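In: just need the structure, nothing else, for what follows:
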Amino acid sequence: MPFVVAAYRGGPKERLTVGTWKYEIWECKTGFTEPHEHDGSCGLWERTAICWDSLWFLAIEKASTLPHAFVQSIYTVNGKTRTIYEHVEGGGLCHGCWERHENTHTKHELDEKTGLCTPCVDVQKRRGPYTRTASGNEFMCEDCRAAFRRVHEQTAYEMGWDANTRLYRPVLDISREDANRD
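Out: This next block holds a predicted model:
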């Protein structure tokens, strides 16, 4: 049984305890219907649910059913927050592809028929699930995920280590495995 702190938020029924984790589900309310519209500039969010402690997986499952949502973990003792999961229906824009594109793309080449920059549109088509990486979670297309996984396995082999099987895999898949183990 966790130690109860004599602090209340919102009345006596919402007691805070030491070591309590809160998982908030935030849903994008911009009204966008296409995955490419959710490009990281969404600015209208609504908290739609809260799960506590061992129910963390329910928060991730719920967020995975929404068109665009993220789950934020909050440690109630110190208020530290971190995004542990994000979902965009159809996959999010691949972080690595977009970053490489921004670093090399110096001039927009507008198509006469559409009025859009063809290289920008092409890189925006590379989408993928929220993926666990060595430097934190991010959206990765399948090509990048496979390439990073190969490099990770090769490096581990050369160093005489076992490759981390949880890296370069979708966060949702890893979460489902963890929930089934509990």
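In: what is the neighbour count of L93?
Out: Using other C-beta atoms under 10 Å, L93 has 21 other residues around it. Yep, even glycine has a C-beta here, placed from its N, CA and C like the rest.
In: please apply the same query to the one 4 residues further on.
Out: Residue neighbour count, defined by other C-beta under 10 Å, stands at 21 for C97.
In: which ones are touching it?
Out: Counting by C-beta atoms under 8 Å, 6 or more residues apart in numbering, C97 makes contact with 123, 126, 141, 144.
In: if you set the cut-off to 6 Å instead, what comes out?
Out: Counting by C-beta atoms under 6 Å, 6 or more residues apart in numbering, C97 touches 123, 126.
In: ok but it is inside a strand, no?
Out: No - remark: C97 does not belong to a strand; assigned using DSSP: H, G, I helix; E, B strand; the rest coil, it is helix.
In: which pLDDT does the model give it?
Out: On the pLDDT scale, C97 is placed at 92.
In: check the one 5 residues further on too.
Out: What the model reports for E102 is a pLDDT of 86.
In: please apply the same query to M1.
Out: Looking at M1, its pLDDT stands at 31.
In: quick one, phi psi at the residue sitting furthest away from the middle of the chain?
Out: The centre of the chain is farthest from one residue, E112, which by C-alpha atoms, centre = their mean lies 35.8 Å away. Main-chain dihedrals, E112, degrees, to the nearest 10: phi -60, psi -40.
In: end-to-end on stretch 33-49?
Out: End-to-end distance of stretch 33-49: 22 Å, with C-alpha to C-alpha, to the nearest Å as the criterion.
In: ditto for stretch 137-146
Out: 15 Å.
In: so for it, what gets flagged as buried?
Out: Residues 137-141, 144-145 are the ones in stretch 137-146 that count as buried (16 or more other C-beta atoms under 10 Å).
In: show me those that map onto strands.
Out: Among those, the residues falling in strands (DSSP state E) are 138-139.
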